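J.: got a structure for you, letters missing:
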């Protein structure tokens, strides 16, 4: 959470647009951000792998909510569909298919905790530096929300060939998976 | 309120080859899953007809582009020029050949079905996308369609562990190289602000980048990603293992089709898009080309497995094509296209013969299987002789004509040392083909070798037709060279 955002959330005064009030959005953002933060911390500290995956769902749902708050409804819905709907379910399948029991596990964390913390801090530092460096003085544009209809228009006009190509790609992968898995 | 959708200009006539390949694949898949007992000949015939249809359709397309000039559409993401038509033609030929070889291969190996043909057609569709992409992302998608289909094709021989191993190796390394390519695209986008090839080349023509480190890094990564697909040293390590393990008809497609699409992509990305940076990438291309021809030729000599031998020889060929490509001139481009065409016939013909000789189980690829072939199968041995002489680049074969073309392009560009290295490598590589010829004609049939029966029709047709075309091109090179000269690659803004 950047400083102006915290400032805006607390005071209801948005320094970027010169005094315009966005109280509802700021409160919603604060709630989601805090929920995400707490869930993210719980996700890495919980001893239960399945619980960790479920905490991840909350974090990803919060990200989707923030996208919607920013007027990027399509990205928000995609976030829900792809990350929560597909990837976390895949995680859960993976956990359940590979582990006999999915209760508390002492193996989580342990001696690698220091390295993990270092990697996490490094990622945070790089991302924070990149974001601050890029957007420090940038005026946030108060553009119209990007409508899903516009995205659809683009997909079916300008990007029709890449779109269809991806469909063929997925079909080829599907056939391939069946051919390889079918055996004799 | 919903506004009417404004559709961009689409040159549907230029998309016909792509749509034909893709739809032919879908139809075959649908019909095969609905009809229980499909005549075995239907799938290969269907695939070959699709390839033939595309090939015939390319004729009016060729003259239309000649009349109206190159075109690009869909907001400049896809383009059509004569070089993309030429490469599509090579892909169609490779599809037809692979389908004909597979017709007898699948029943012989007792392998099920139509998936090979479906994946082959999809792979060809991906190749067409690559050859006519005007956008790096579209190019990447084409490459992925092509590659994923080929990974699975390599694994198609379900009972040969080598086939599975080959597929896994190819898949892992291929996925890695795709990541390199994608990273390269991202860096080029970062440096130029676009993934559209036309806009990238326009940007680089108008602006001088003060700090071009990011662009150069992107360029290098693009070279790694595409270099893997066309198997040049040092990204060639997968080739012998995969060629050895994969089903032989699939190898024919891999060697002819995948390489043609890969070099078309290299030409579009480097010569056309990044042409202004030619002085930066040319040294890298020259070093890679020299390393490829030398390493391929030297290592080919010590191989005892014929499929591995041909794999290394395909690496040598890739090096030769790169010798033409690094010139980055019209002459170089046309020499590359001509080489790709003749090379496609040489490889599909050779692998057709290898398919026949390998026998049931796709196992006998040692030199023993070829000993005394001149007496057992005079016709097949004769055809193979022509193809091997063509690969060696002996005068009066198509191989000589196109090798001369790339060397001339290199000398034209002042790269004398590279031409010299390539000629030396060609001489070394000739030993490999000579060794096979000696085995076929001068060595005795080892006792205990079964005398195999009739040669299957599909493979025979491919082998004979390829040999005839290689000879005809060698004796009358004019028409092919004219076609290749007219196949100018251009980027047109949408």
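T.: Good, I have the coordinates. All values derive from a computational prediction rather than experimental measurement.

J.: Could you tell me which residues of chain A lie near chain B?
T.: A:149, A:153, A:156-162, A:164-166, A:168-169, A:171-173, A:175-176, A:179-180, A:183-184 (CB under 8 Å from any CB of the partner chain). C-betas here are computed from N, CA, C, even on glycine.

J.: Just the buried ones from these?
T.: A:153, A:157-162, A:164-165, A:168-169, A:171-173, A:175-176, A:179-180 (16 or more other CB atoms under 10 Å in any protein chain shown).

J.: Where helices are concerned, which of the residues you listed count?
T.: A:153, A:160-162, A:164-165, A:168-169, A:171-173, A:175-176, A:179-180 (DSSP state H).

J.: Excluding chain neighbours, what is closest to the residue of the stretch 251-400 of chain B found nearest chain A?
T.: Closest approach between the stretch 251-400 of chain B and chain A, counting by CB to the nearest CB: residue B:261, at 13.6 Å. Nearest non-adjacent residue to residue B:261, counting by CB to CB, 6 or more residues apart in numbering or on different chains: residue B:127, 3.6 Å away.

J.: so what's the one you found up against?
T.: B:87-88, B:91, B:142, B:146, B:257-258, B:260-261 (CB atoms under 8 Å, 6 or more residues apart in numbering or on different chains).

J.: redo that, cut-off 10 Å
T.: By CB atoms under 10 Å, 6 or more residues apart in numbering or on different chains, the contact list for residue B:127 reads B:18, B:21, B:87-88, B:90-92, B:94-95, B:142-143, B:145-146, B:149-150, B:253, B:257-262, B:264-265.

J.: residue in chain A nearest to chain B?
T.: residue A:176 (3.4 Å).

J.: Double-check that residue against residue B:145; I have them as touching.
T.: No: judged on CB atoms under 10 Å, residue A:176 makes no contact with residue B:145 at a distance of 11.2 Å.

J.: what is in contact with the two at once?
T.: Residues within reach of residue A:176 and of residue B:145 at once, by CB under 10 Å, 6+ apart, are residue B:122.

J.: Next, the buried residues of whichever helix or strand residue A:53 is part of.
T.: Assigned by DSSP states H and E, residue A:53 belongs to helix A:49-69. Burial within helix A:49-69, assessed by neighbour count using 16+ other CB under 10 Å, is assigned to A:49-50, A:52-69.

J.: Show me what secondary structure element comes after that helix.
T.: helix A:73-78.

J.: tell me which strands and helices that next one is in contact with?
T.: Here helix A:73-78 touches helix A:49-69, helix A:148-155, going by 3 or more CB pairs under 10 Å, 6 or more residues apart in numbering or on different chains; DSSP states H and E.

J.: in what helix or strand does residue 26 lie?
T.: The chain I'm using is chain A. Residue-wise, residue A:26 maps onto helix A:23-45 under DSSP H and E.

J.: looking at chain B here, not the other one
T.: helix B:12-34.

J.: and the angle from the helix or strand just after that helix to helix B:12-34?
T.: Per DSSP H and E, helix B:12-34 leads on to helix B:42-68 as the next helix or strand towards the C-terminus. Here helix B:42-68 points in a direction 170 degrees away from that of helix B:12-34 (axes from the mean of the first three to the mean of the last three CA atoms, to 10 degrees).

J.: Helix or strand next in line after helix B:42-68, which one?
T.: Under the assignment DSSP H and E, the closest C-terminal helix or strand after helix B:42-68 is strand B:71-73.

J.: by contact count, what packs against whatever helix or strand comes next after that following strand?
T.: Counting by DSSP H and E, the next helix or strand C-terminal to strand B:71-73 is strand B:78-80. Contacts defined by 3+ CB pairs under 10 Å, 6+ apart place strand B:78-80 against helix A:160-182, helix B:12-34, helix B:42-68, strand B:71-73, helix B:115-131, helix B:136-154.

J.: one step back: which one of the helices and strands packed on helix A:73-78 has the lowest average pLDDT?
T.: The minimum mean pLDDT among those belongs to helix A:148-155 (a mean of 83).

J.: Tell me how many other residues crowd the residue of the stretch 251-400 of chain B closest to chain A.
T.: 31 (other CB atoms under 10 Å in any protein chain shown).

J.: and what of residue B:196?
T.: Residue B:196 has 25 neighbours, counted by other CB under 10 Å.

J.: What sits closest to it if chain neighbours are left out?
T.: Nearest to residue B:196 is residue B:135, by CB to CB, 6+ apart, at 5.1 Å.

J.: now do residue B:147
T.: Take residue B:147 and drop its neighbours on the chain: the residue closest to it by CB to CB, 6+ apart is residue B:174, 5.3 Å away.

J.: for the chain, what helix or strand is lowest in average pLDDT?
T.: If you meant another chain, say so; for now it's chain A. When the helices and strands of chain A are scored by mean pLDDT, DSSP states H and E, helix A:3-11 comes last with a mean of 56.

J.: Not quite, go with chain B.
T.: Least confident helix or strand, chain B: helix B:373-376 with a mean of 83, by mean pLDDT, DSSP H and E.

J.: State the number of residues packed around residue 87.
T.: Looking at chain A here, since you left the chain open. Neighbours of residue A:87 (other CB under 10 Å): 13.

J.: wait, I meant chain B there
T.: Residue B:87: 29 surrounding residues under other CB under 10 Å.

J.: tell me the angle of the helix or strand encompassing it relative to helix B:12-34?
T.: Using DSSP H and E, the element containing residue B:87 is helix B:82-109. Between helix B:82-109 and helix B:12-34, the angle comes out at 10 degrees (the same axes, to 10 degrees).

J.: Show me which positions of helix B:82-109 end up buried.
T.: Here helix B:82-109 shows B:82-106, B:108-109 as buried, counting by 16+ other CB under 10 Å.

J.: Kindly calculate the angle that it makes with helix B:136-154.
T.: Using the same axes, to 10 degrees: helix B:82-109 against helix B:136-154 is 20 degrees.

J.: next one: helix B:82-109 to chain centre, how far?
T.: 11 Å (CA atoms, centre = their mean, to the nearest Å).

J.: how about the residue of the stretch 151-300 of chain B found nearest chain A, what does it touch?
T.: Closest residue of the stretch 151-300 of chain B to chain A, CB to the nearest CB: residue B:152 (3.4 Å). Going by CB under 10 Å, 6+ apart, residue B:152 touches A:172-173, A:175-180, B:115-116, B:119, B:122-123, B:167, B:171, B:250.

J.: cool, residue B:193 as well?
T.: Counting by CB under 10 Å, 6+ apart, residue B:193 makes contact with B:199-200, B:203, B:207.

J.: try it again with 8 Å
T.: Contact analysis of residue B:193 by CB under 8 Å, 6+ apart lists B:199, B:203.
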